[in-house]
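Peer 1: any chance you could fold what I've pasted below:
(one chain, ligands or ions: 1)
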Amino acid sequence: MRLDCISCYHAPLLAIVYLFCFLFTSSVNGWHPWHNQKHIATDFLVGSSKKYEGSSEFVHLRYHMGPVLSENIIVYPIWYGKWDRTQKRIIRDFIISISSINTKLPSVSGWWKTVQLYTDQTGANISRTVHLGQEKSIRFYSLGRSLTRLTVQTVIKTAITARTKPLPVNSKSGVYLVLTSDDVYVQDFCDNVCGFHYFTFPSIVGYTVPYAWIGNSGKMCPGMCDYPFVIPEYIPGLKPVKSPNGDVGVDGMMSVIGHEIAEVATNPLINAWYAGQDPVFPVEIADLCQGIYGTGGGGSYPGQMLKGKDGATYNMNGVRRRFLVQWLWNHFFNYCTGPNALHH
Ligand SMILES: *[C@@H]1O[C@H](CO)[C@@H](O)[C@H](O)[C@H]1NC(C)=O
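Peer 2: Numbers count the residues shown, from 1 in each chain. All right, here's what the predicted structure looks like:
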């Protein structure tokens with residue numbers, strides 16, 4: 001079902017093909033660094049009128065009447081496989097940073113402000129508050145080292161039905177985050193996909209709750225999922241940047257985690273905010289800005305980022321540490337934006 005849009009690069013005159021790729025490749029919840037086909041598509045169609053990152057009058061992110069996460073969001077991490085303490089801390093700190101008010105600018109909470117602009121049909125905004133909830137570790141690979149989209153749901157079932165300290169069932173404001181270690185393969189992982197989000201089925205889990213999966217790609221496909229800390233071979237001449245927390249796999253995950261949480265919040269049941277005609281291939285608020293981390297971003301250029309004294313590259317500050325996280329779509333102005341924007 002997934003088109004290979006890399007081939008679209010080589011047909012610059014076929015605007016229709018571009019548009020087609022643009023509308024249909026962003027599979028349900030995939031994430032991949034060659035966002036570029038979209039921007040090439042929109043740049044080509046809009047021509048020189050492009051003023052802001054990813055901007056396009058052809059993208060209409062629409063609201064489809066479903067619910068959004070407007071109540072205090074609680075994120076429940078499920079650590080599947082082998083995770084060390086430092087890796088867990090980096091990820092927890094990001095989640096805590098989303099609604100932290102005391103961090104240096106540009107901040108993770110500033111990044112979340114774009115998500116808060118989205119509302120449901122009652123006019124309720126996405127919640128400003130995102131809490132870190134109870135966690136569950138599934139250390140011993142009880143479902144194996146190769147998961148499918150459906151067995152990821154079984155992982156959630158395992159976590160909420162565990163004999164000791166099961167995760168609560170929270171269908172009102174819970175986001176279940178299944179995080180797999182670098183030795184676990186998940187269906188489609190590395191095949192244009194670094195993470196996805198969806199909702200669980202009552203027939204598997206017993207409830208419908210929104211969830212996301214993000215894998216540690218540090219070993220399996222760093223060139224794809226840990227960009228720009230690792231540069232894939234098909235982009236020659238670009239230098240990798242130093243990651244802010246000393247763990248390329250986890251630092252690369254942070255942008256995917258941000259991507260998926262933002263999309264779960266605005267489209268938890270795949271019937272709220274997305275572009276495109278077909279809900280099987282929704283283009284959501286983070287899909288539109290993949291690979292854009294700063295002003296001027298687009299194509300294979302990530303945009304202007306910040307560089308610390310230690311040489312690490314990042315674009316936002318959080319609690320105790322810095323992160324590099326992709327920008328998000330602003331549906332009022334039809335462009336991508338982030339807390340480190342220089343001119344929006
Ligand atoms: C809530 O959404 C409205 C409409 O998008 C927006 O104008 C307002 O700024 C949002 N409020 C917050 C706190 O983001």
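
Peer 1: so what's Ser243 closest to, chain neighbours aside?
Peer 2: Distances taken as Cβ to Cβ, 6 or more residues apart in numbering place Asp251 nearest to Ser243, at 3.7 Å, with adjacent residues excluded. C-beta: built from backbone N, CA, C; applies to glycine.

Peer 1: what does this structure put close to the ligand?
Peer 2: Within the chain, the positions near the ligand by Cβ under 6 Å from any ligand atom are Gln116, Leu117, Thr119, Asn125.

Peer 1: and the two most separated of these?
Peer 2: Gln116 and Thr119 (9.1 Å; Cβ to Cβ).

Peer 1: what sits in contact with each of these two?
Peer 2: Asn125, Ile126 (Cβ atoms under 8 Å, 6 or more residues apart in numbering).

Peer 1: distance of Trp273 from Val264?
Peer 2: Distance of Trp273 to Val264, computed by Cβ to Cβ, to the nearest Å: 11 Å.

Peer 1: actually Gly66, sorry about that
Peer 2: To Val264, Gly66 is 12 Å away according to Cβ to Cβ.

Peer 1: comparing the two, which residue is more hemmed in?
Peer 2: Val264 (26 against 16; other Cβ atoms under 10 Å).

Peer 1: quick one: secondary structure of the more buried one?
Peer 2: Applying DSSP: H, G, I helix; E, B strand; the rest coil to Val264 yields a three-state assignment of helix.

Peer 1: show me what contacts it?
Peer 2: Contacts of Val264 by Cβ under 8 Å, 6+ apart are Leu69, Val175, His197, Pro210, Tyr211, Ala212.

Peer 1: picking up where we left off before, which single one of the residues of the chain next to the ligand is nearest to Trp329?
Peer 2: Nearest to Trp329 among those, with distances taken as Cβ to Cβ, is Leu117, at 9.8 Å.

Peer 1: which ones are touching that closest one?
Peer 2: Residues in contact with Leu117, defined by Cβ under 8 Å, 6+ apart, are Asn125, Ile126, Asn330, His331, Phe332.

Peer 1: middle-most residue in this protein, spatially?
Peer 2: His259 (1.7 Å; Cα atoms, centre = their mean).

Peer 1: quick check on it: phi, psi?
Peer 2: His259 adopts backbone torsions of phi -50, psi -50, taken as degrees, to the nearest 10.

Peer 1: how far away is it from Ile138?
Peer 2: From His259 to Ile138 the distance is 23 Å (Cβ to Cβ).

Peer 1: over to Tyr52?
Peer 2: 42 Å.

Peer 1: repeat for Ser100
Peer 2: For Ser100 relative to Ile138 (Cβ to Cβ), the value is 28 Å.

Peer 1: does the residue with the largest distance to the centre of the chain belong to a helix, a strand or coil?
Peer 2: Distance from the centre of the chain peaks at Arg163, with 31.5 Å (Cα atoms, centre = their mean). With three-state DSSP as the basis, Arg163 sits in coil.

Peer 1: just the pLDDT at it, thanks.
Peer 2: Looking at Arg163, its pLDDT is 97.

Peer 1: so what's the residue nearest to Ser243 up against?
Peer 2: Ile90, Asp226, Phe229, Ser243, Pro244, Asn245, Phe323, Leu324.

Peer 1: list the contacts of the second one.
Peer 2: Okay, so that is Asp226. Neighbours of Asp226 in contact, by Cβ under 8 Å, 6+ apart: Ser217, Gly218, Ser243, Val248, Gly249, Asp251, Gly252, Met253.

Peer 1: for it, phi and psi?
Peer 2: According to degrees, to the nearest 10, Asp226 has phi -110, psi 20.

Peer 1: quick one: contacts for Asn170?
Peer 2: Ile74, Tyr76, Gly133, Val209.

Peer 1: how close does the last one get to Ile74?
Peer 2: When Cβ to Cβ is the yardstick, Val209 and Ile74 sit 11 Å from each other.

Peer 1: if we can go back for a sec, among the residues of the chain next to the ligand, which lie within helices?
Peer 2: Gln116 (DSSP state H).

Peer 1: any stretches of the stretch 1-150 of the chain with poor pLDDT?
Peer 2: 1-51 (pLDDT under 70).

Peer 1: now do the strands in it.
Peer 2: 62-63, 73-80, 130-132, 136-138, 146-147 (DSSP state E, counting those that start in this stretch).

Peer 1: neighbouring strands for the second one, and are they parallel or not?
Peer 2: Partner strands for strand 73-80, per DSSP bridges, with pairing direction: strand 130-132 (parallel), strand 136-138 (parallel), strand 174-180 (parallel).
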